[in-house]
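Asker: This is a predicted model, with the sequence first.
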Amino acid sequence: MSDQSLSPVQASSTLWIALRSRSLILGLVLTLTFVAAALISFVWVPYDITTLDIANKIKGPSALHWLGTDHYGRDILSMIMQGARTSIAVAVLAVGIGMLIGVPLGLWAAARRGSLLDEVIMRTNDLVFAFPSLLIAVMITSAFGPSATNAIIAIGIFNIPVFARLTRSSALSLWQRDYILAARVAGKGAARISWEHILPNITNMMIVQGTIQFSLGILAEAGLSYVGLGAQPPTASWGRMLADSQTFISFAPHMALFPGLAILLTVLGLNLMGDGLRDLFDPKLRRGRT
Amino acid sequence: MIRYTLTRLTSLILSLVAASVVIFAAIEVLPGDPASVMLGVNAQEDTLAALRTELGLDQAPVERYLTWVSGMVHGDFGVSYTYRTPVAQMIVDRLQVSLPLALYALALTVLIAFPVGIWAASRRGSFADVSVMGLTQLGVAIPNFWFAMLMVLVFAINLQWFSAGGFTGWGEGPLLAIKSLTLPAIALALPQASILARVMRSALLDTLSEDFIRTARAKGLTRRQALWRHALRNAMIPVLTIIGMQFSFLLAGGIIIENVFYLPGLGRLIFQAISARDLIVVESVVMLLVFAVVMVNFMVELAYAFVDPRLRVRR
């Protein structure tokens, strides 16, 4: 009923682009907040979390303890700050493992596309893909005992086929391009072409995927440490905090609320940032896809 | 179609063989001596020796592997070291919780994601689309076990509509059993439904921009008719792929959710087995879950060929 100056199509796409860039900004702010919290925790936290203060246990949020205290009287804000360290470290290292192994494998498979080597690499990837990171963690833990390192390895192994597949499929389409043909005519070998021409052209995509895997890594780390397969006490970890809070949830919901919110907001921030970056790198996608 | 099925079947068998080798190597060969892992550092030498004989550790790894695999093929998963019961029986008992839970969660995922995804795609760019997609963004980011804890707080502790955990068993009537699986299933389904709704929406939007949709519209179909008759079926390939992957996540993710609700499923079994260092149980349950994942992928590939006849000829 009211006449609009913009047609519905124009209005909606403007709305999307605005929302998209806003999502990038919101994502960046959320992510940087938690990265900053983790970094600050190296030099300063409100309270030392290694000293127990039983007299002040299970207190709700107050002026002294902004997010309250846990069942040992430890300050929850301080624990969340140090937990951010664990989450970020595990996720970054796991993404690093996935990229450092997966990307070269994908490049190699694409350079030798159709060969036995390509087939072997891709089938091995399919196989690894059949093991959810939780199961990899279960296997490693049953053999070597639980630790944050095992969580990193488990999530990292799970990331390898993700990067290998993406690298291979995007590299394959690049190999068809004329400038690659030109490079081959110029006498460059497959390895050099992969390094000099393919890799720079897939970097953006890897950054976007890295952001997504980073957020999945945070979720996976939280899940693993919740069931006791991740970081062990006294290392602070969001998943462990949630596991500890479960017994007290009926009368101390704040113990469960804040670590969970920390995970939610970090993951949300990374996802928004990933979406925003993808749109930024690839204007073709500025149509509001997933 | 037969050739397609046979190729897929061969790769299914190869994956299972490879997976079993990996699992066996990781759990029985990598740690060195499984007997000392199971009994701990303070074990007596003669207990260790007895366990080694019982597990057949005096045999070569290849021989042990073959015994393990041929046992599994015949439904014999060995005997649990801590419970002294056949592992196969334990798995069957636990599956009565885990499998219905995963299926329930999958049903919820599809029932939520399809309408939401289709609705958002058909109103692309509208306020409704933007807000629904914003909500799914939250759904994707929420840790499911935390969401489960919050639901326990609200629906079990405060409102007392559901019990906070435990499982009544199927003997007390299916309704009670389904009720005790409801909160866990919602917790598992919510993040997956958010992912699937987003995939559904973008797959639909992709197909809606194709030429054949324009042809259908030119033929006089309304946008809605074109969506339901032509776009939906063509959008199913990416959606099916994701559903297949999600079922594996639901089965494996159930391991964590079962812990929140104290459900006696495979997840509880695997953690009890880990803390009791019962490697036989861990090995078998992991193999079973990987088997489920590989089987589901196989069925998804057959479903592709069913939805898209072009795939029956290719490869």
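Answerer: Nice, thanks for sending it over.

Asker: give me the low-pLDDT residue ranges for the stretch 1-150 of chain B?
Answerer: Residues of the stretch 1-150 of chain B that meet the criterion pLDDT under 70 lie in B:31-32.

Asker: Which residues of the stretch 151-300 of chain B lie near chain A?
Answerer: Residues of the stretch 151-300 of chain B lying close to chain A (CB under 8 Å from any CB of the partner chain) are B:152-153, B:157, B:198-199, B:201-202, B:205-206, B:248-249, B:252-253, B:255-256, B:259-260, B:270-271, B:273-274, B:277, B:279, B:282, B:286, B:289-290, B:293-294, B:297. Just so you know, the C-beta spots here come from the backbone N, C-alpha and C atoms, and that holds for glycine as well.

Asker: Residue A:70 contacts residue A:76, correct?
Answerer: Yes: the criterion here is CB atoms under 8 Å, and residue A:70 meets it with residue A:76 at 5.9 Å.

Asker: what about the closest residue to chain A within chain B, is that helix, strand or coil?
Answerer: As assessed by CB to the nearest CB, chain A sits closest to residue B:125 within chain B, at 2.8 Å. The three-state label given to residue B:125 by DSSP: H, G, I helix; E, B strand; the rest coil is coil.

Asker: distance of it from residue B:132?
Answerer: Using CB to CB, to the nearest Å, one gets 12 Å for the distance from residue B:125 to residue B:132.

Asker: same thing with residue A:36?
Answerer: Taking CB to CB as the measure, residue A:36 falls 32 Å from residue B:132.

Asker: more crowded one of these two?
Answerer: Between residue A:36 and residue B:132, counted using other CB atoms under 10 Å in any protein chain shown, the more crowded position is residue B:132 (20 against 12).

Asker: contacting residues for the more buried one?
Answerer: Going by CB atoms under 8 Å, 6 or more residues apart in numbering or on different chains, residue B:132 touches B:116, B:119-120, B:197.

Asker: Got phi/psi on it?
Answerer: Main-chain torsions, residue B:132, degrees, to the nearest 10: phi -60, psi -40.

Asker: go on, residue A:60?
Answerer: The phi/psi pair for residue A:60 (degrees, to the nearest 10) is phi -70, psi 180.

Asker: Leaving out chain neighbours, which residue sits closest to it?
Answerer: Closest residue to residue A:60 apart from its sequence neighbours, by CB to CB, 6 or more residues apart in numbering or on different chains: residue A:68 at 4.8 Å.

Asker: Do I have it right that the one you found meets residue A:47?
Answerer: No: the pair residue A:68 / residue A:47 is not scored as a contact, 11.6 Å apart, by CB under 8 Å.

Asker: higher neighbour count, these two?
Answerer: residue A:68 (21 against 18).

Asker: so what's the more buried one up against?
Answerer: A:58-62, A:76, A:252, A:254-255, A:258.

Asker: now, which of those residues lie within helices?
Answerer: Of the positions in the contacts of residue A:68, A:76, A:254-255, A:258 sit in helices, assigned by DSSP state H.

Asker: rewinding a little: count residues in the vicinity of the residue of chain B closest to chain A, would you?
Answerer: Other residues lying near residue B:125 total 20 when counted by other CB under 10 Å.

Asker: same thing with residue B:264?
Answerer: Counted with other CB under 10 Å, the neighbours of residue B:264 add up to 17.

Asker: Please apply the same query to residue B:205.
Answerer: Close neighbours of residue B:205, defined as other CB under 10 Å, add up to 21.

Asker: for the one 10 residues further on, same thing?
Answerer: Look at residue B:215: counted by other CB under 10 Å, it has 12 neighbours.

Asker: Could you pull out the buried residues of the helix or strand encompassing it?
Answerer: Using DSSP states H and E, residue B:215 sits within helix B:211-218. By neighbour count on 16 or more other CB atoms under 10 Å in any protein chain shown, the buried set for helix B:211-218 is B:213, B:216.

Asker: elements contacting it?
Answerer: helix B:223-226 (3 or more CB pairs under 8 Å, 6 or more residues apart in numbering or on different chains; DSSP states H and E).

Asker: still on that earlier bit, among the contacts of residue B:132, name the ones in helices.
Answerer: Among those, the members found in helices (DSSP H) are B:116, B:119-120, B:197.

Asker: Of these, which is the most crowded?
Answerer: Per-residue neighbour counts (other CB under 10 Å) across the ones in helices among the contacts of residue B:132 peak at residue B:197, which has 28 neighbours.

Asker: domains of chain B?
Answerer: B:2-73, B:90-312 (automatic domain parsing).

Asker: give me the low-pLDDT residue ranges for the stretch 151-290 of chain A?
Answerer: Short version for the stretch 151-290 of chain A, where the test is pLDDT under 70: A:283-290.

Asker: List, one by one, the residues from it near chain B.
Answerer: By CB under 8 Å from any CB, the residues of the stretch 151-290 of chain A that approach chain B are A:215, A:219, A:222-223, A:226-229, A:242, A:245-246, A:249-250, A:253, A:256, A:259-260, A:263-265, A:267-268, A:271-272, A:287-290.

Asker: among these, which ones are buried?
Answerer: Listed as buried from those are A:215, A:219, A:222-223, A:226-229, A:242, A:245-246, A:249, A:253, A:256, A:259-260, A:263-264, A:267-268, A:271-272, A:287-288, A:290; burial here means 16+ other CB under 10 Å.

Asker: ok, the contacts of residue B:132 vs residue B:56, which is closest?
Answerer: Closest approach to residue B:56 among the contacts of residue B:132 (CB to CB): residue B:197, at 49.8 Å.

Asker: so what's that closest one up against?
Answerer: Contacts for residue B:197 were tallied using CB under 8 Å, 6+ apart; they are B:112-114, B:116-117, B:120, B:132, B:136.

Asker: Need the overlap of contacts for residue A:70 and residue A:76.
Answerer: A:241, A:255.

Asker: All the helices of the stretch 151-300 of chain B, residue numbers only.
Answerer: In the stretch 151-300 of chain B, the segments counted as helices under DSSP state H, counting those that start in this stretch are B:174-208, B:211-218, B:223-226, B:232-234, B:236-260, B:266-275, B:279-307.

Asker: Could you save these as a markdown table and add columns showing mean pLDDT and distance to residue A:175?
Answerer: Output for the helices of the stretch 151-300 of chain B, formatted as a markdown table (pLDDT from 0 to 100; distance: least, CB to CB, whole Å):
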| stretch | mean pLDDT | distance to residue A:175 |
| --- | --- | --- |
| helix B:174-208 | 90 | 24 |
| helix B:211-218 | 85 | 28 |
| helix B:223-226 | 80 | 36 |
| helix B:232-234 | 83 | 28 |
| helix B:236-260 | 85 | 24 |
| helix B:266-275 | 86 | 43 |
| helix B:279-307 | 84 | 26 |
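
Asker: Out of those, flag the one nearest residue B:19.
Answerer: Ranking these by their distance to residue B:19 (criterion: CB to CB) puts helix B:279-307 first, at 4.8 Å.
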